[in-house]
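*Asks:* Predicted model follows, preceded by the sequence.
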Amino acid sequence: MNLANLDYMLRLIDMHGTNILNTRKRVYSKKFKEQTIEQAIFGTKSDVQLSLELGFKSIGMLNNWLREYKEKAFTSLLYTNLNNFGGLPERLAEAVPTSLNIFLCVFLKLELSILSTLVCLKIA
């Protein structure tokens, strides 16, 4: 266990008591994950603060959810763009919650635009 994980566990115990360590592995609903991701992206708390408040035993759980969300958003954006040209089924574009999809689509389109410009400059 590294120092950051140890610090996190001590803060978790301070906040929730030692009983937090006795709880079984929880399965979180899709809606709960979406709300948590929305709080992490648009809220004012750090990922660690939010994880502590929610009682996550792992310091990396929220980061894993955020990474998965970004990957799904990127994939969804690509499928949506391909579908506009008659490519893939629309169901694939619904992989990401719509409340956050707009924000990430704008961000990813900008990012893709910058990357394609850099690739073109490198080729030329």
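*Replies:* Right, received. Where do you want to start?

*Asks:* how about low-confidence regions in the protein?
*Replies:* 74-124 (pLDDT under 70).

*Asks:* That one: helices as residue ranges?
*Replies:* If DSSP state H is used as the criterion, the helices of the chain fall at 3-16, 30-42, 47-54, 61-83, 98-123.

*Asks:* And the first one, what's buried?
*Replies:* In this case it means helix 3-16. With burial defined by 16 or more other C-beta atoms under 10 Å, the residues of helix 3-16 counted as buried are 8-9, 12, 16. Where C-beta positions appear, they are placed from N, C-alpha and C, glycine not excepted.

*Asks:* Residues contacting that helix, please?
*Replies:* Contacting residues not belonging to helix 3-16 are listed as 1, 20-21, 48, 51-53, 55-57, 59 [C-beta atoms under 8 Å, 6 or more residues apart in numbering].

*Asks:* could I get the residues you listed as a markdown table with neighbour count?
*Replies:* Output for those, formatted as a markdown table (neighbours: other C-beta atoms under 10 Å):
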| residue | neighbour count |
| --- | --- |
| Met1 | 7 |
| Ile20 | 14 |
| Leu21 | 11 |
| Val48 | 16 |
| Ser51 | 23 |
| Leu52 | 19 |
| Glu53 | 13 |
| Gly55 | 12 |
| Phe56 | 21 |
| Lys57 | 15 |
| Ile59 | 20 |
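
*Asks:* Could you work out the most separated pair of the residues you listed?
*Replies:* Met1 and Glu53 (21.7 Å; C-beta to C-beta).

*Asks:* returning to that earlier point: wait, which of the buried residues of helix 3-16 is closest to Glu68?
*Replies:* For these, the minimum distance to Glu68 (C-beta to C-beta) is 20.4 Å, reached by Tyr8.

*Asks:* Relative to Phe42, how far out is the closest one?
*Replies:* According to C-beta to C-beta, to the nearest Å, Tyr8 and Phe42 sit 23 Å apart.
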